[in-house]
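Novice: Need a 3D model of the following:
(chains A and B)
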Amino acid sequence: MKVHAYLIKYAEIAIKGKNRYLFEDALVREIRRSLGRLSDGYTVEKEQGRIYVYCPEEYEEEETREALSKVFGIVEFCPVCIYEDRGIDGTGEDVLSYMQDFHPGYSGSFKVHTRRAKKSYPLTSMEVNAFLGEKILDAFPESHVDVHEPELVLRLEIRDKIYIYSQSCKGPGGMPIGTSGKAMVLLSGGIDSPVAAYMIAKRGVTIDAVYFHAPPYTSDRARQKVVDLAAIVAQYCGKIRLHVVNFTDIQLYIYDQCPHDELTIIMRRYMMRIAEHFAAERRCLGLVTGESIGQVASQTMQSLAATDDVCTMPVYRPVIGMDKQEIVELARKIGTFDTSILPYEDCCTIFVAKHPVTKPSIKTIRHSETRLAEKIDSLVEEAIRTTEIVEVG
Amino acid sequence: MEAYFDNSATTRVYPETADLVRDLMTVDYGNPSSMHRKGVEAERYVREAAETLSRILKVNKEEILFTSGGTESDNLGLIGAAFANRRAGDHIITTAVEHPAVSAPAAFLEEQGFRVTYLPVDGAGVVRMDALLSALTPDTILVSVMLVNNETGAVMPVAEIGRMVHEKCPNALFFVDAVQAFGRMEIRPRTMGIDLMAVSGHKIHAPKGVGFLYIRNGAKVRPMLLGGGQQNGMRSGTDNVPGISGMAFSAGKMYDHLKENTEHLYALKQRMAEGLRAIPDVVINGMPVCEGAPHILNVTVRGVRSEVLLHALEDKGIYLSAGSACSSHKRRPSAVLTAMGLSKSDIESTVRISFSEENTVEEVDYCLQTLGETVPVLRRFSRR
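Specialist: Numbers count the residues shown, from 1 in each chain, chains lettered A, B, ... in the order given. Model (predicted):
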């Protein structure tokens, strides 16, 4: 039996009062975008407080489910079979054939739950439930009815046609992209930053990204890896505008002028400054990084404070409290892990001192930066001017 | 200026070869197995290719088996020979510096119950004959030694090894991976005692995806690809006529000019080596420049990671490789350089420069000049 449609369930957005329609519209738009990558034969309709996805005549169930499982805002989606309304006896037959296909030889507890969207239907919901329950009991003698805690709820929606469903698949939850503003993610090519991007996008935030590369110290393959990671994240959050900044000259200048144990911190401060420039240009409301407290020297609380010192925008760190293992698990789940661990140098791993400071004082760092006064502004300007834009997704 | 010095990774296809390959795809595109005229025509190309290659090696054309390239030839030569001769014994000898297309099948054979001895090399990367002598046993059925090492250009004493193997173990087969050697030097399987020999097309200015395995008449090899029974059942699958023909054409051209090519390559290599020695803290690894293969130079530029040097040169249009080309798939210190006793930090700073006869003195000078300017800059910013 083929599934004809999917009923989309969403939770959080149902409670948003007058803004509800904005959220629903965003969700419909996001579902269309996600399915649009597969084919244009799908229709997505908002009807009577529900969102239905109607599938084309020919389609792949597997890839449809995968696409839906990547749309933020969907809590669950239920595969629905649709039958003509042939009167209650005809519907009885259809229910039995549905049961044979989806729950062959069913022997557990169940109940039937009917919702009458078409109020002109001659029977009440209760009458339909009773009639169909009877039919199922006859056809599946091992089964029994339990109206309080059934193992299986067979749901019927009576519209112009009869919609039947009983299963549900998990969506990613969260809120639809486009409902919470935009943020600029600092993508590194490692494991953490794509996960951070995913988590912030999950809250409905539109994503742009910035990547710092340092040719010849980093290769074209490392850069391609970041583009590939952005493309994976874009499956969830839609097109990402990736800013590729050539950071080499700034890095070398810092290396020449500043104490080596402070390199990473000072480098990160300049990354944040440049990221914030593009964030402002793109009307973002915040910066996003993949930092987690204490993971490396540049992610101690002192280091984070020293990094934030140069930002006027809020810096969001969605994986701040997660252990590496938890981040890895999530990276595997969203599909970025295998790309993240490809062995190419990224910007951060090359200019690392043997013993970087772990407790930098903001005052000292600021002082060290004064050594850069002569050339740093023009180098930053140059880096911004030569930044390449890659549209991903 | 562009200077391609990564000819051990792959070479540019000769334009005449490319024309020939194109014609065999669009004009004479028949299947040699077909009964009709187009098939017969295609078969003739394959036969002529076998004749060309056998003439170069001074062997019979029936001893040439076409494959999809070096990796398949190595796999078939090792695994096919090991299984075909299993009754005679279970011991295999190879070296610590083989290409992965040899060392991985050797590891597979170990899993299958064969015993494998890996011979060490000396500081120049040449296999140690004393180790071979003591490794040969009555159970030895197969000895596998490459002719030219792909990373260092070290030339192994294959004729001497062949003699020793056949003297001590008359039943053992001697397999030679000649992927880096073919086209660069005279190879006479008969006089060198080689029973099986692997060659790849794209290292000799022919397309990728074609190669051959020399199988001495009488040497037993079990086929691995089964099917329509092409090539006397030794390797099923429709013959890659354009590739085969192109490979033979390029090989013919290389061997027609072998003498002048070799002189030219050694001149380039010498010039590069001398120029490099003028840069402080640069070490040339492996055999003395004029004893190693004419086209491979292995160099440690201390204080600069090879990956960084590679990318810096690529910006200037100069292409070479860090370790061997396959290393972009994995990050492991080179087994070859480790076996030669190089330190870890030297290995991380080692690049391979590999020439073809198409390279020019100007390109070498351009490379040297660029290195002279770039290396001091890069050294300033090495990890401290």
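Novice: so where do the helices sit in chain A?
Specialist: Assignment of helices within chain A using DSSP state H yields the ranges A:20-36, A:61-68, A:87-102, A:125-139, A:192-202, A:220-237, A:248-257, A:263-281, A:301-308, A:324-334, A:337-340, A:347-350, A:362-369, A:376-385.
Novice: Of all these, which one is nearest residue B:269?
Specialist: Among these, the nearest to residue B:269 by C-beta to C-beta is helix A:220-237 (28.5 Å). C-betas here are computed from N, CA, C, even on glycine.
Novice: Which strands and helices lie in contact with the closest one?
Specialist: helix A:192-202, strand A:206-213, strand A:240-246, helix A:324-334, helix A:337-340, strand A:388-392 (3 or more C-beta pairs under 8 Å, 6 or more residues apart in numbering or on different chains; DSSP states H and E).
Novice: got these as CSV, with mean neighbour count columns?
Specialist: Shown next, in CSV, are the helices and strands packed on helix A:220-237 (neighbours: other C-beta atoms under 10 Å in any protein chain shown):
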stretch, mean neighbour count
helix A:192-202, 26
strand A:206-213, 26
strand A:240-246, 22
helix A:324-334, 16
helix A:337-340, 17
strand A:388-392, 13
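Novice: Among those, which comes closest to chain B?
Specialist: The closest of these to chain B is strand A:206-213. By C-beta to the nearest C-beta, the value is 10.5 Å.
Novice: strand partners of that closest one, parallel vs antiparallel please.
Specialist: strand A:182-186 (parallel), strand A:240-246 (parallel) (DSSP bridges).
Novice: would you list these in a markdown table and tack on mean pLDDT and distance to residue A:27?
Specialist: Listed next are the strands paired with strand A:206-213 as a markdown table, based on pLDDT from 0 to 100; distance: least, C-beta to C-beta, whole Å:
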| stretch | mean pLDDT | distance to residue A:27 |
| --- | --- | --- |
| strand A:182-186 | 98 | 18 |
| strand A:240-246 | 97 | 20 |
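Novice: Can you list the buried residues in the stretch of helix or strand residue B:46 belongs to?
Specialist: For residue B:46, the host element (DSSP states H and E) is helix B:37-57. The neighbour-count check on helix B:37-57 (16 or more other C-beta atoms under 10 Å in any protein chain shown) flags B:41, B:42, B:43, B:45, B:46, B:49, B:50, B:52, B:53, B:54, B:56, B:57 as buried.
Novice: of all the residues you listed, which two lie farthest apart?
Specialist: Going by C-beta to C-beta, the pair spanning the buried residues of helix B:37-57 furthest: B:41 and B:57, at 25.6 Å.
Novice: Next, work out how far apart the closest residue to residue B:38 other than its chain neighbours and residue B:176 are.
Specialist: Nearest residue to residue B:38, sequence neighbours excluded (C-beta to C-beta, 6 or more residues apart in numbering or on different chains): residue B:30, at 3.2 Å. Per C-beta to C-beta, to the nearest Å, residue B:30 is found 34 Å from residue B:176.
Novice: Those two: who's more crowded?
Specialist: The residue with more neighbours, out of residue B:30 and residue B:176, is residue B:176; 29 against 19, by other C-beta atoms under 10 Å in any protein chain shown.
Novice: Are we agreed that that one is in a strand?
Specialist: Yes. Counting by DSSP: H, G, I helix; E, B strand; the rest coil, one finds residue B:176 located in a strand.
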